[in-house]
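J.: just a sequence and a predicted model for now, questions to come.
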Amino acid sequence: MGLVVTEPAERMDGPYPRRWWALLVLCLSLLIIVMANTALTVAAPAMTQDLGLSSADLQWVIDGYTVPYAALMLLLGAIGDKYSRRGALVLGLVVFGAGAVFGYLAASSTAVIAARAVMGAGAAMIMPATLSLLAATFPRAERAKAITLWTATAGLAIAAGPLVAGALLEHHGWSSTFLINVPVAVLAIVGAFTLVPPSRAGHRERIDHVGGLLSVLWTGALVYMIIEGPHFGWGAKAIGAAVVAGAGLVAFVLWELRHPRPLLDVRRFTDRRFAGSNLAVALFFLAVFGAFYYLTQHLQFVLGYDALDTGLRMLPLAGAVFVGSALTGWLTPKVGMKWTVTAGMTGGTAALALLTQVGSGSSYGDFVPPLIVLGLAIGLALSPCTDAIMGAFPEAELGVGGAVNDTSLELGGSLGIAILGSLLATSYSGHLSDAAAGSRLPASSLQSAQDSVGAGYAVARGIGDKARQLAEQAGHTSDPQQAERLRAQAEQLAGGARRMADAVGSAFADAVAHTSLVGAVILGVGTVAVALLLPGERRTEDEPAEDEHLASAGAR
């Protein structure tokens with residue numbers, strides 16, 4: 001076997017001997033595109049301070065990655081199927097790495113948002129390629145195990161992002177969190193050529209370009225609406241995006257139903273197993289991304305951990321994901337995916353329910369059980385769903401299958417941050433207003449403090465700084481009466497700063513509890529819906545092989 005793998009796995013006499021090394025490359029590629037979002041959660045405060053970002057700027061720094069990522073996946077997955085899945089992976093890594101270098105050099109909010117958008121476009125090529133190459137490289141009997149490890153990597157990335165970013169921020173600026181992606185991308189590119197067999201659809205017809213453009217239109221408009229409406233108000237932009245998303249979705253469905261070779265056969269959603277798996281992925285990541293959004297803020301702002309400490313304290317989640325993944329590999333063949341997925345979603349609901357007990361006196365120890373339960377739930381629920389979604393597509397459409405799975409994931413995550421993030425902000429603002437009642441805090445300062453938990457603590461620090469200035473003036477004045485008045489004012493302001501900080505922490509803790517309750521209700525109702533939707537019959541050992549045969553026949 002040469003240095004560069006040139007023979008497709010399906011043409012080999014037996015299973016590709018280095019397939020587990022190939023999986024390592026695919027998981028490494030997945031790791032950096034998930035970490036690109038989670039690492040930003042701990043780098044955001046330093047970036048905000050350095051670039052003077054407004055709340056709107058910061059929101060689009062985060063979501064500038066999401067819009068192209070979600071919008072382009074389906075079309076780029078189909079292009080990868082037709083021409084080269086490995087080529088799509090490598091090109092995506094090149095684009096992603098270039099965007100990371102651009103982000104490292106960026107010196108303004110506009111440049112950072114543009115860099116994140118480039119990285120999102122690269123991720124839209126990488127994500128479906130990893131799943132399609134996995135499915136093409138592994139025989140059906142081993143595919144579920146490989147997907148379980150792929151899913152565990154996604155869970156690891158959720159926790160590893162803050163840890164890596166925190167370690168970098170100890171000695172470097174926020175821009176270093178962009179640059180860390182470059183050597184990993186280079187390593188993945190080399191690994192792709194030397195370890196991952198090339199793959200493409202053997203009988204893929206002409207790409208449905210109209211369907212592809214409609215998918216970009218409606219998905220991009222939907223994600224934009226999800227971001228714009230809850231965070232910036234339901235003005236003309238959000239309503240216009242909603243109209244475009246709705247009209248684009250209707251046009252996409254009608255076009256795909258009539259097209260002889262559709263980009264995505266939407267009739268697949270009439271299959272209960274396929275529809276239930278996509279719903280489970282979307283709902284689960286709604287809960288996971290929403291919870292992660294406010295948990296990292298609570299650890300950093302309320303409990304006072306720095307970026308590295310925050311990352312370390314998310315590790316129980318990563319460890320639990322691997323345990324849950326091992327459990328699902330053992331349980332699913334015995335009880336069927338319906339019960340494994342339902343158990344995972346029930347565990348996720350329980351984790352959010354535990355977070356409703358968070359209060360002003362909560363310590364990190366109170367967050368450990370929810371993190372462990374949530375990690376176990378991720379490991380249990382997600383890999384059976386991904387396996388079911390990929391199994392619904394013939395060999396010619398593996399890239400599209402990966403894109404459908406990843407679009408469900410990304411839409412769910414976007415909804416989670418938008419819905420639960422917006423609810424968190426509203427709840428925090430209301431609780432802080434109640435807590436600050438009678439404090440004689442100027443209306444402008446209260447309004448600033450209500451913007452976010454970081455802004456609230458900034459207001460408290462400002463009051464404390466003013467108290468220290470007055471105390472210093474008192475120490476330098478020669479007039480005893482004036483010195484006494486200044487000391488009294490300083491003590492009053494210092495007390496006000498402490499009360500303000502306590503009020504901010506209490507208000508945010510109450511907001512976390514309230515938001516978690518709503519998240520638990522959403523996921524709980526979704527769990528019931530998924531349990532009713534998924535078929536109850538178990539697969540036998542022979543059925544996967546039969547599915548693969550039917551999929552290959554469909555490709556021909």
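T.: Cool, got the structure.
J.: contacting residues around the nearest residue to Pro197 once chain neighbours are set aside?
T.: Of all residues not flanking Pro197 in the chain, Ala9 sits nearest, at 4.4 Å (C-beta to C-beta, 6 or more residues apart in numbering). Just so you know, the C-beta spots here come from the backbone N, C-alpha and C atoms, and that holds for glycine as well. Counting by C-beta atoms under 8 Å, 6 or more residues apart in numbering, Ala9 touches Pro15, Tyr16, Arg19, Ala136, Thr137, Pro197, Ser199.
J.: tell me the one of those nearest Gly103?
T.: Ser199 (30.5 Å; C-beta to C-beta).
J.: please indicate which of the contacts of Ala9 are buried?
T.: Burial by neighbour count, 16 or more other C-beta atoms under 10 Å: within the contacts of Ala9 this picks out Tyr16, Arg19, Ala136, Thr137, Pro197, Ser199.
J.: in helices only, show me the residues you listed.
T.: In this view, those that belong to helices under DSSP state H are Arg19, Ala136, Thr137.
J.: so which helix or strand takes in Gly329?
T.: Element membership for Gly329, per DSSP states H and E: helix 315-335.
J.: likewise for Ala221?
T.: helix 209-232.
J.: could you give me the average pLDDT of that helix?
T.: Average pLDDT, helix 209-232: 88.
J.: next SSE after that helix?
T.: The helix or strand immediately downstream of helix 209-232 is helix 236-258, counting by DSSP H and E.
J.: okay, stretch 59-74 in CSV with CA atoms only?
T.: C-alpha atoms of stretch 59-74 as CSV (Å, rounded to 0.1, in the frame of the first residue of the first chain):
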residue,chain,number,x,y,z
GLN,A,59,-23.8,37.5,18.9
TRP,A,60,-22.8,37.6,15.2
VAL,A,61,-19.3,36.6,16.0
ILE,A,62,-20.8,33.4,17.4
ASP,A,63,-23.5,33.0,14.8
GLY,A,64,-21.5,34.2,11.7
TYR,A,65,-20.2,30.6,11.8
THR,A,66,-23.6,29.0,12.0
VAL,A,67,-25.5,30.5,9.1
PRO,A,68,-23.2,29.3,6.2
TYR,A,69,-22.5,26.1,8.1
ALA,A,70,-26.2,25.1,8.3
ALA,A,71,-27.2,26.6,4.9
LEU,A,72,-24.5,25.0,2.7
MET,A,73,-24.3,21.4,4.2
LEU,A,74,-26.9,19.8,2.0
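J.: check the offset of it from the chain's centre.
T.: 11 Å (C-alpha atoms, centre = their mean, to the nearest Å).
J.: what's the average pLDDT for it?
T.: Across stretch 59-74, the per-residue pLDDT values average to 87.
J.: now stretch 240-254
T.: Rounded mean pLDDT across stretch 240-254 is 95.
J.: now do it: distance to the chain's middle.
T.: For stretch 240-254 - counting by C-alpha atoms, centre = their mean - the centre lies 24 Å from the chain centre.
J.: show me what the longest helix seen in the chain is packed up against.
T.: Counting residues, the longest helix in the chain under DSSP H turns out to be helix 480-533. Where contact means 3 or more C-beta pairs under 8 Å, 6 or more residues apart in numbering; DSSP states H and E, helix 480-533 is packed against helix 272-297, helix 337-355, helix 421-435, helix 453-476.
J.: got the angle for it vs helix 337-355?
T.: 160 degrees (axes from the mean of the first three to the mean of the last three C-alpha atoms, to 10 degrees).
J.: between helix 421-435 and helix 480-533, find me the angle.
T.: 140 degrees.
J.: how far does helix 480-533 sit from the chain's center?
T.: 25 Å.
J.: okay, helices next: where are they in the stretch 51-200 of the chain?
T.: Using DSSP state H, counting those that start in this stretch, the helices found in the stretch 51-200 of the chain span residues 55-63, 66-82, 85-105, 109-137, 140-169, 176-179, 181-195.
J.: turn those into JSON lines, columns for distance to His431.
T.: JSON lines is the format used below for the helices of the stretch 51-200 of the chain (distance: least, C-beta to C-beta, whole Å):
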{"stretch": "helix 55-63", "distance to His431": "18"}
{"stretch": "helix 66-82", "distance to His431": "28"}
{"stretch": "helix 85-105", "distance to His431": "35"}
{"stretch": "helix 109-137", "distance to His431": "29"}
{"stretch": "helix 140-169", "distance to His431": "26"}
{"stretch": "helix 176-179", "distance to His431": "31"}
{"stretch": "helix 181-195", "distance to His431": "38"}
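J.: how about the contacts of Ala9 in a markdown table, adding pLDDT and distance to Val530?
T.: Output for the contacts of Ala9, formatted as a markdown table (pLDDT from 0 to 100; distance: C-beta to C-beta, whole Å):
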| residue | pLDDT | distance to Val530 |
| --- | --- | --- |
| Pro15 | 88 | 33 |
| Tyr16 | 90 | 34 |
| Arg19 | 93 | 31 |
| Ala136 | 90 | 28 |
| Thr137 | 93 | 29 |
| Pro197 | 94 | 35 |
| Ser199 | 90 | 31 |
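J.: for the record, mean pLDDT for stretch 464-473?
T.: Averaging pLDDT along stretch 464-473 gives 86.
J.: and for stretch 369-376?
T.: 94.
J.: poorly predicted segments of this protein, please.
T.: 1-2, 55, 202-204, 438-439, 537-556 (pLDDT under 70).
J.: how about 50 then?
T.: Within the chain, the ranges that satisfy pLDDT under 50 run 539-556.
J.: so what's Met125 closest to, chain neighbours aside?
T.: Once flanking residues are discounted, Met125 sits nearest to Gly92: 2.9 Å by C-beta to C-beta, 6+ apart.
J.: and that neighbour, what is it in contact with?
T.: With C-beta under 8 Å, 6+ apart, Gly92 has these contacts: Ser29, Leu76, Gly122, Ala123, Ala124, Met125, Ile126, Ala129.
J.: farthest pair in these?
T.: Ser29 and Leu76 (14.2 Å).
J.: tell me which residues of stretch 271-282 come out buried.
T.: Within stretch 271-282, the residues scored as buried using 16+ other C-beta under 10 Å are Arg273, Phe274, Ala275, Gly276, Ser277, Asn278, Leu279, Ala280, Val281, Ala282.
J.: now do it: everything it contacts.
T.: If you take C-beta under 8 Å, 6+ apart as the criterion, stretch 271-282 is touched by 268-269, 337, 341, 345, 381-382, 384-386, 388-389, 392, 404-405, 408-409, 411-412, 415, 526, 529-530, 533-535.
J.: circling back: return the member of the ones in helices among the buried ones among the contacts of Ala9 nearest to Ile522.
T.: Ala136 (35.6 Å).
J.: tell me the contacts of the residue nearest to that closest one when sequence neighbours are not counted?
T.: Excluding the flanking residues, the one nearest Ala136 by C-beta to C-beta, 6+ apart is Ser199, at 4.0 Å. Counting by C-beta under 8 Å, 6+ apart, Ser199 touches Pro8, Ala9, Glu10, Ser84, Arg85, Arg86, Ser132, Leu133, Ala136, Thr137, Leu398.
J.: most surrounded residue in the residues you listed?
T.: Using other C-beta atoms under 10 Å as the neighbour test, those are led by Arg85, with 33 neighbours.
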